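Chemist: pasted the sequence and its predicted model underneath.
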Amino acid sequence: HYNWDTRAGGDTHRRVAYPKCYRITKKPSVQVWGDGVRVGSNSGVVAGLPATQYTRSSIITAMSSLADSGQLFGSWGEYGMMTPQNGVIRSASAGGLSGVGVGAANASTSAEATRNNLSFANANIPGGGYGKWGTISAQPNIGGQFTSNVRNHAGNVSLSSMAPGVYNATAHVVKISGEVGAGKSIIIKSAGTVIIDGNITYAPSRYHTSSDITQLVIVASNIIIRDNVTQVDAWLAATPNKDNTQDGIVSTCEVDETPNLTAIRARGVNYANGLNANTCNRQLRINGPVLARELQLRRTFGSDRRGTGDIDGFNDPAEIINMRADAYLWAANYISNTTGNITTDYTVELPPRY
């Protein structure tokens with residue numbers, strides 16, 4: 001007896017459930033290594049724009065938990081997090097969601113305080129909490145640090161054949177890729193859009209003095225990274241227009257060979273539009289600081305099981321922004337214009353953090 005009526009009684013009747021659609025999604029994450037995360041400013045407000053545009057900036061990332069164990073996974077910064085007076089922090093500092101390869105504590109017992117050991121907080125104002133800090137200075141003008149001996153460069157950039165120096169890329173759209181030669185310091189400034197269409201790496205080298213450190217700085221109105229790129233060894237500084245209302249975008253993934261900048265600008269907070277698990281699904285590592293008015297994190301790698309019963313994959317970030325020590329040492333040497341040796345003043349042994 002076949003009875004397709006799901007309301008039919010009796011154990012001998014065959015029942016068929018009504019169809020129901022489910023959307024299976026995942027929440028990609030980002031990890032910031034070797035430095036902190038700060039957004040917004042309490043100063044540098046542009047005339048004619050509301051001050052809240054600068055002071056309300058927040059750090060908000062998603063978390064996910066496993067249904068079987070309740071373990072939490074998500075984005076985190078290794079060190080401090082800071083937002084201005086009207087901004088909040090809904091994320092994790094000090095690697096608070098990394099655990100030891102198996103996520104943080106169970107969601108039911110993981111307090112906000114345990115996820116924000118290095119997040120700046122303000123307990124002295126009504127409704128205070130993580131974020132809502134006091135005075136934060138304006139973001140630094142990276143491009144303004146490199147104004148001497150600037151040479152014009154026409155066309156795309158092949159880093160392997162470029163000599164050290166400061167360059168003004170004159171094309172409206174500039175494609176950059178390649179290996180930076182050992183010991184070279186290259187600064188590329190553009191009033192247009194830079195498209196990173198291949199990996200950017202530093203050639204292996206030995207450092208005898210701080211002036212031997214290899215480094216690349218890219219300053220542009222917008223910086224777009226293609227989906228085939230997995231490593232970018234460079235400083236990325238995207239500079240908005242003078243009113244701070246447009247451009248200043250760093251996008252970590254675009255599929256088109258020549259991305260549509262108008263569409264990228266229009267995304268705003270909906271910059272995940274058009275993505276799925278099979279799009280932009282390679283992990284990206286940026287070895288250097290990132291400064292932007294709008295950081296569009298579009299990679300979809302990770303946040304999934306690597307295999308049956310293997311939950312370590314939930315800790316795999318889609319993007320890693322790694323502020324390595326060589327960037328600090330190079331910047332200090334470049335500003336002071338010295339060629340002295342790197343010396344160690346003292347060492348302190350500390351226990352492992354994890």
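Modeler: Cool, got the structure. Numbering: from 1, shown residues only.
Chemist: where in the stretch 51-200 of the chain is pLDDT low?
Modeler: Within the stretch 51-200 of the chain, the ranges that satisfy pLDDT under 70 run 51-56, 67-69, 98-110, 126-128, 134.
Chemist: residue ranges of the strands in it, please?
Modeler: Remark: strands assigned in the stretch 51-200 of the chain by DSSP state E, counting those that start in this stretch are 59-60, 63-65, 72-74, 76-77, 81-82, 89-90, 121-122, 129-130, 150-153, 157-158, 165-169, 173-180, 185-190, 193-202.
Chemist: in a markdown table, list those strands along with mean neighbour count.
Modeler: In this view, the C-beta of every residue, glycine as well, is placed from N, C-alpha and C. Putting the strands of the stretch 51-200 of the chain into a markdown table (neighbours: other Cβ atoms under 10 Å) gives the following:
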| stretch | mean neighbour count |
| --- | --- |
| strand 59-60 | 18 |
| strand 63-65 | 18 |
| strand 72-74 | 25 |
| strand 76-77 | 27 |
| strand 81-82 | 24 |
| strand 89-90 | 22 |
| strand 121-122 | 16 |
| strand 129-130 | 20 |
| strand 150-153 | 12 |
| strand 157-158 | 18 |
| strand 165-169 | 18 |
| strand 173-180 | 20 |
| strand 185-190 | 22 |
| strand 193-202 | 22 |
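Chemist: put together CSV for these, with distance to Ala113 on each row.
Modeler: Converted to CSV, the strands of the stretch 51-200 of the chain look like this (distance: least, Cβ to Cβ, whole Å):
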stretch, distance to Ala113
strand 59-60, 16
strand 63-65, 15
strand 72-74, 14
strand 76-77, 15
strand 81-82, 14
strand 89-90, 12
strand 121-122, 9
strand 129-130, 9
strand 150-153, 49
strand 157-158, 47
strand 165-169, 46
strand 173-180, 42
strand 185-190, 42
strand 193-202, 39
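Chemist: ok now stretch 139-148, how far from the chain's centre?
Modeler: The chain centre lies 21 Å from the centre of stretch 139-148; the measure is Cα atoms, centre = their mean, to the nearest Å.
Chemist: oops, could you answer that again for stretch 290-299 instead?
Modeler: Centroid separation between stretch 290-299 and its chain, computed with Cα atoms, centre = their mean, is 6 Å.
Chemist: can you pull out the residues in contact with that stretch?
Modeler: Under the contact criterion Cβ atoms under 8 Å, 6 or more residues apart in numbering, stretch 290-299 has outside partners 28, 30, 139-140, 142, 223, 235-238, 240, 244, 247-254, 264, 267-268, 271-272, 275, 280-284, 318-319, 321.
Chemist: ends of it, how far apart?
Modeler: According to Cα to Cα, to the nearest Å, stretch 290-299 extends 16 Å from its N-terminal end residue to its C-terminal end residue.
Chemist: check stretch 302-315 too.
Modeler: Start and end residues of stretch 302-315 are separated by 7 Å (Cα to Cα).
Chemist: please identify the buried residues of that stretch?
Modeler: 302-303, 311, 314-315 (16 or more other Cβ atoms under 10 Å).
Chemist: ok, which pair from those residues is furthest apart?
Modeler: Gly302 and Ile311 (11.9 Å; Cβ to Cβ).
Chemist: which stretch among the strands of the stretch 51-200 of the chain comes nearest Ala331?
Modeler: Set against Ala331 and scored by Cβ to Cβ, the strands of the stretch 51-200 of the chain come closest in strand 185-190, at 10.4 Å.
Chemist: what helices or strands is the closest one leaning on?
Modeler: strand 165-169, strand 173-180, strand 215-220 (3 or more Cβ pairs under 8 Å, 6 or more residues apart in numbering; DSSP states H and E).
Chemist: for Gly165, what are its contacts?
Modeler: Contacts here follow Cβ under 8 Å, 6+ apart; on that basis Gly165 touches 149, 151, 185-187.
Chemist: for those residues, which one is nearest Tyr130?
Modeler: Each of the contacts of Gly165 was scored against Tyr130 by Cβ to Cβ, and Ile187 proved nearest at 35.9 Å.
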